[in-house]
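Visitor: Requesting a structural model of the entry that follows:
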Amino acid sequence: MGKGNFEGTEDFRLNKKIAPALLGIGMYDGMFGPGSSTLALYLYASQKIAYIRAVGLARIGVFASCFGASITYISTGKIIWPLTIALMLGAIVGAQLGVRLARKLKSEQVKPLLRLVTVLLIVQIVADYLK
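Guide: Predicted coordinates for the structure are as follows:
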């Protein structure tokens, strides 16, 4: 997936390559969480989807994942409402800021930034594991 970029020449199409990859990203997100949107962005870049569209698709994926998790937690009565509301408000504000930033980035700036975020996520996961 590393050779892809956000050229913006293609629309999103669910095919035999994308469907299992999205299923795998969804399973990873459900089990671990950190970096699932970054993985999705790499997938969308490999499909030559425009960056702003890829961000929107990643946001949809996050929403679907959070919605599924919320159904699970609500149905089992294990939801912590104050925490849920705080995270929801933070996600709304963060999504708005992220979309505004995404509009200002040029496609050639995105790949290095995405790689930097990936390295930082790996460092964080390793550091948390070693504690």
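Visitor: Go ahead and flag the most central residue of the protein.
Guide: Ser37 (1.4 Å; C-alpha atoms, centre = their mean).
Visitor: Does that residue belong to a helix, a strand or coil?
Guide: State at Ser37, reduced to three classes by DSSP: H, G, I helix; E, B strand; the rest coil: helix.
Visitor: Against which helices or strands is the longest helix along the chain packed?
Guide: In the chain, assigned by DSSP state H, the helix with the most residues is helix 51-76. Packing contacts for helix 51-76, counted by 3 or more C-beta pairs under 8 Å, 6 or more residues apart in numbering; DSSP states H and E, involve helix 18-31, helix 36-46, helix 81-104. The way it works is simple: take the backbone N, C-alpha and C, and place the C-beta from them, glycine included.
Visitor: Repeat the analysis, applying 10 Å as the threshold.
Guide: Using 3 or more C-beta pairs under 10 Å, 6 or more residues apart in numbering; DSSP states H and E, the elements in contact with helix 51-76 are helix 18-31, helix 36-46, helix 81-104, helix 107-130.
Visitor: This completes my enquiry, with thanks.
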